[in-house]
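1. got a predicted structure here, sequence first:
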Protein chains: 2
Amino acid sequence: MRLPSSLRCLGASALRSVITSTHNPRVAAARRLRRSRERRATGRTTVDGPLLLAEALDNDIEIIDVFASPDDTTTAALCDAAGVALTLATPGIVATLAGTVNPRGPVAVITIPQPEQLAQRDTVVLWELADPGNAGTIIRSAAAFGFQVAATNRTVDVWSPKVLRAAMGGHFRTRPVDGLPAAGVHFASRGLRLVAAVRTGGEKPEEVLGDAEPTAIVVGNEAHGLPAELLHASDVVQVSIPMPGGSESLNAAVAASILMYLRSRR
Amino acid sequence: MRLPSSLRCLGASALRSVITSTHNPRVAAARRLRRSRERRATGRTTVDGPLLLAEALDNDIEIIDVFASPDDTTTAALCDAAGVALTLATPGIVATLAGTVNPRGPVAVITIPQPEQLAQRDTVVLWELADPGNAGTIIRSAAAFGFQVAATNRTVDVWSPKVLRAAMGGHFRTRPVDGLPAAGVHFASRGLRLVAAVRTGGEKPEEVLGDAEPTAIVVGNEAHGLPAELLHASDVVQVSIPMPGGSESLNAAVAASILMYLRSRR
């Protein structure tokens, strides 16, 4: 949202009023975005903390509102430099909008950026992943290793504030495609070869990640893994990360990141 | 703690009394173990959930107490099979001892197992790491890749319940050495070559991880990285994970795990 300079954010300037009521309509609208249903209905979400706001600005994400307390001069300067309007609110109101990690804010309402469909290039697929921290960490790694991100429709909402926090801005560079059908044929029809991560019994990474064809690395639910119908589909290759320590378990985000790294280095 | 079979845990048997007071001395002692200082003073910690209890039993960890509610027949069976005494308590008391992730318990008080000093073998060093989830995830990966785990004295307490949960039993297989001085010379004096993970500007992993010498991969604080005096010591090699996606940031646990994996595959 670009404004003429006369209306740009002015930090703690006395010219701007400070929202003091949680019933303020814009505050209430931002608070409703905590619910996944509301995020889907509006196509908006919130990000909290100075790092994510800066990443959103750097990546030309549409900013609807920025809430910060009057003493938050860092955010005021950031908004001023970017030509984005700042809304001042009491620290208490900012805290109600922000997560516990960044209770001091700022909190920004943004438009969720989304491509319409998958491109035919290396992709990581979150298949019914449940943990927001894992989903966010995978998105962060995908941004680092140049992967497209896809999420099936029973995966945790990738645009939730917790996932956004863990991804440290990775959303804005990868622009995940979410809500996809949990059916291998969907990805195969996009020209993606499916490589499914399994704890044990799969091929070695170097044997399956060298292929030139665009590849979708599929990571399953933390507790239940991937469904049998996907694993046993004729066009799906299973891969397992060798674990010489003897323990048969890696964190889902760690496993996905190791496979993406190896693919990026082929 | 082995008991004659007549005293073994009897599940919901009417023969056993159920603790109903949070002032019960053993309940109070377990609750105090939430504090890092108390864990250090007693050499004990608590683990919660059936998975960690099973892992502790499998790895011959000394069990001091197991608290479970009378309807928790799974834990009763587990304790019975292992010959470990079970203490019944109301679900409310079990919930006060457990983390929010496993409010149904069981909660076990265990003796922290610790080797006296570092062995001369491949090691991951947590250097002032602050996030319990990251520390636990690294310990889980270390167990998978056969690494020893060390932690400096300003790292998050690796024996806290949150770190134990994220490691999924990795503590019991790796038995981390913690509270070590944050001085590179300490590790070098143990015959370990130091490889420090840095975001950018370090050697490529394949160039520094092939060496036959026992290697300590050092991972720093999430926000501040590693201190300059460590990075610039003459015997320290810096390593950076290539990120073709252009983003210069990976989660600390992901970075540590990729480096451990590559080292394990050399």
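-> Received it, and whenever you're ready, just let me know what you need.

2. got phi/psi on A:Gly225?
-> Backbone torsions of A:Gly225, given as degrees, to the nearest 10, read phi 70, psi -150.

3. next to chain B, which bits of chain A? Give me the list.
-> Within chain A, the positions adjacent to chain B are A:133, A:137, A:140-147, A:166, A:168-170, A:173, A:241-251, A:253-254, A:257-258, A:261, A:264-265 by CB under 8 Å from any CB of the partner chain. For the C-beta atoms, the positions are set from N, CA and C on the backbone; glycine is no exception.

4. buried ones from those, can you make that a ChimeraX selection?
-> Selecting the buried subset of the residues of chain A next to chain B in ChimeraX, with 16 or more other CB atoms under 10 Å in any protein chain shown as the burial test, is done by:
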select /A:133,137,140,141,142,143,144,145,146,147,166,168,169,170,173,241,243,245,247,249,250,251,253,254,257,258,261,264
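
5. mind checking which of the residues of chain A next to chain B are in helices?
-> When DSSP state H defines the helices, the subset of these inside them is A:133, A:137, A:140-145, A:166, A:170, A:173, A:253-254, A:257-258, A:261, A:264.

6. wait, A:Asn102 touches A:Thr46, no?
-> No: with contact defined as CB atoms under 8 Å, A:Asn102 does not count as touching A:Thr46 (11.0 Å).

7. of those two, which one has the most company?
-> Applying other CB atoms under 10 Å in any protein chain shown to A:Asn102 and A:Thr46 shows that A:Thr46 carries more neighbours, namely 25 against 20.

8. can you list the weak-confidence ranges in chain A?
-> Residue ranges of chain A with pLDDT under 70: A:1-16.

9. quick check: the residue of the stretch 1-150 of chain A nearest chain B.
-> Going by CB to the nearest CB, chain B is nearest to A:Gly146 of the stretch 1-150 of chain A, at 3.7 Å.

10. residue contacts, that residue?
-> A:122, A:264, B:244-246 (CB atoms under 8 Å, 6 or more residues apart in numbering or on different chains).

11. go again using 6 Å as the cut-off
-> Each residue near A:Gly146 by CB atoms under 6 Å, 6 or more residues apart in numbering or on different chains is listed here: B:244-245.

12. so it versus A:Arg121, what's the distance?
-> From A:Gly146 across to A:Arg121, the span is 9 Å (CB to CB, to the nearest Å).

13. before we move on, what about A:Val239?
-> The value you get for A:Val239 to A:Arg121, if CB to CB is used, is 19 Å.

14. can you show me the strands along chain A?
-> Using DSSP state E, the strands of chain A run over A:18-19, A:44-48, A:63-68, A:87-89, A:107-111, A:123-126, A:148-152, A:177-180, A:193-197, A:215-219, A:236-239.

15. wait, A:Arg193 sits on A:Glu213?
-> Yes: with contact defined as CB atoms under 6 Å, A:Arg193 reaches A:Glu213; the gap is 4.6 Å.

16. mind checking which of these two has more residues around it?
-> When A:Arg193 and A:Glu213 are compared for neighbours, A:Arg193 comes out ahead with 18 against 9, by other CB under 10 Å.

17. any idea what the more buried one is bridged to?
-> On the basis of DSSP bridges, A:Arg193 is bridged to A:Thr215.

18. do you know how far it is from A:Pro214?
-> 7 Å.

19. ok, the spatially closest residue to A:Gly225 that is not a sequence neighbour to B:Met260 distance?
-> Spatial nearest neighbour of A:Gly225, chain neighbours left out: A:Val198 (6.7 Å); criterion: CB to CB, 6 or more residues apart in numbering or on different chains. From A:Val198 across to B:Met260, the span is 20 Å (CB to CB).

20. likewise for A:Arg175?
-> A:Arg175 is 31 Å from B:Met260, where distance means CB to CB.

21. more crowded one of the two?
-> Using other CB under 10 Å as the criterion, A:Arg175 and B:Met260 rank with B:Met260 on top: 26 against 17.

22. is it true that the more buried one touches B:Ala144?
-> No: at 8.2 Å, B:Met260 does not count as touching B:Ala144 under the criterion of CB under 6 Å.

23. excluding its backbone neighbours, what's nearest A:Ile258?
-> B:Tyr261 (5.2 Å).

24. close enough to count as contact, the one you found and A:Tyr261?
-> No: B:Tyr261 lies out of contact with A:Tyr261 (CB under 6 Å); the separation is 8.4 Å.

25. so what would you say the end-to-end distance of stretch A:175-189 is?
-> This stretch, stretch A:175-189, spans 21 Å end to end (CA to CA, to the nearest Å).
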